[in-house]
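Engineer: Structure, please.
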Amino acid sequence: MTDDRKSGTALIAGSLCGILTMAIHPTGAASLTPGQAAHLALVSGIAHSIAMLSFLLMFLGASGLTRRLAAFARTPNPDRLAFAAIVTFGFACVALLIAATVSGFIVPGILRHMARDGAAPQYHLIVDAVFQFNQAFARIFSVAASAAIALWSVSALRNGGLGRGIALYGVIVAVLLTAGIVVGHLRLDVDGMAVVVLGQAIWFIVTGAQLCREKEVSGT
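Structural biologist: Here you go, the predicted structure:
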């Protein structure tokens, strides 16, 4: 199996794990019994563990994608867009790790305490504060990952390495998602995050499929 095929497989597998995460992601509840809180904590932990695995796989695949696109860059003045993209994507993955840890393990723990001790006002304040913390890192991830997709896509449009159609899609979806987040139309609750994940997953899955079909670039 070539490096391109391995990278493409990792991108596809990681994207599917991201979609699975959103499919099983639990929604919040105003009040929970101890049993319900324990169930929510278990499901949330599983969902966000899958999310962490998904971006480990996607970063591995993205590293191979970067290598491929860099091989197409023109000399003697090659662009560094693909390299900038992988750095930006790494930044996004760190933000996702923090957001997933908060949503998957910290918030469920607080909800278990609420179910056991009663929904005292201070618990609602804590949950709201933690939710805002999570939202901040979710926005950082969503914008940074979109920027990375845009950079990879522009590199492909300039130098080749990916189909023109998926490269154009990457630029368009990155702009739309970023604009929606910046102006506040796209709120990153479970539904909003599903829009981000699906929009980006389409790009990664199609890109991964192209890498699986392409021949290895000589000299890389």
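
Engineer: Helix or strand next in line after the helix or strand encompassing Leu151, which one?
Structural biologist: For Leu151, the element it lies in under DSSP states H and E is helix 121-159. Moving toward the C-terminus from helix 121-159, the next helix or strand (DSSP H and E) is helix 164-183.

Engineer: tell me which residues in the helix holding Leu151 are buried?
Structural biologist: For helix 121-159, burial by neighbour count (16 or more other CB atoms under 10 Å) applies to 123, 126-127, 134-135, 137-157, 159. Where C-beta positions appear, they are placed from N, C-alpha and C, glycine not excepted.

Engineer: in this protein, which spans are helices?
Structural biologist: 3-24, 34-72, 81-101, 107-117, 121-159, 164-183, 190-213 (DSSP state H).

Engineer: where are the low-confidence patches of this protein?
Structural biologist: Residues of the chain meeting the criterion pLDDT under 70: 28-34, 74-78, 115, 117-121, 123, 215-220.

Engineer: Next up, the contacts around Gly170.
Structural biologist: Counting by CB atoms under 8 Å, 6 or more residues apart in numbering, Gly170 makes contact with Ile149, Ala150, Trp152, Ser153, Ala156, Trp203, Thr207.

Engineer: Need the max-distance pair from the residues you listed.
Structural biologist: The distance between the two most remote of those (CB to CB) is 13.0 Å, for Ala150 and Thr207.

Engineer: Could you report the separation of the closest residue to Leu60 other than its chain neighbours from Cys17?
Structural biologist: Counting by CB to CB, 6 or more residues apart in numbering, Ala10 is the residue found nearest to Leu60 once chain neighbours are left out, at 4.7 Å. Ala10 sits 10 Å away from Cys17, going by CB to CB, to the nearest Å.

Engineer: Check Ile166 too.
Structural biologist: Ile166 is 20 Å from Cys17, by CB to CB.

Engineer: same deal with Val182?
Structural biologist: When Val182 is compared with Cys17 (using CB to CB), they lie 27 Å apart.

Engineer: and Arg80, what are its phi and psi?
Structural biologist: Here is the backbone geometry of Arg80 (degrees, to the nearest 10): phi -110, psi 30.

Engineer: re the thing from before, what is in contact with Ala10 and Cys17 at once?
Structural biologist: Leu57.

Engineer: And the two? Which one has more around it.
Structural biologist: Using other CB atoms under 10 Å, the more surrounded residue of Ala10 and Cys17 is Ala10, with 23 against 20.

Engineer: Next, count neighbours for Val182.
Structural biologist: By the criterion of other CB under 10 Å, Val182 has 11 neighbours.

Engineer: show me the contacts for it.
Structural biologist: Here Val182 is in contact with Val143 (CB under 8 Å, 6+ apart).

Engineer: cutoff 10 Å now
Structural biologist: Taking CB atoms under 10 Å, 6 or more residues apart in numbering, we find Val182 in contact with Arg139, Val143.

Engineer: what do you get for the one 4 residues further on?
Structural biologist: Leu186 makes contact with Arg139, Ser142, Leu176, Leu177, Thr178, Ala179, Gly180, Gly192, Met193, Val195, Val196, Gly199 under the criterion CB under 10 Å, 6+ apart.
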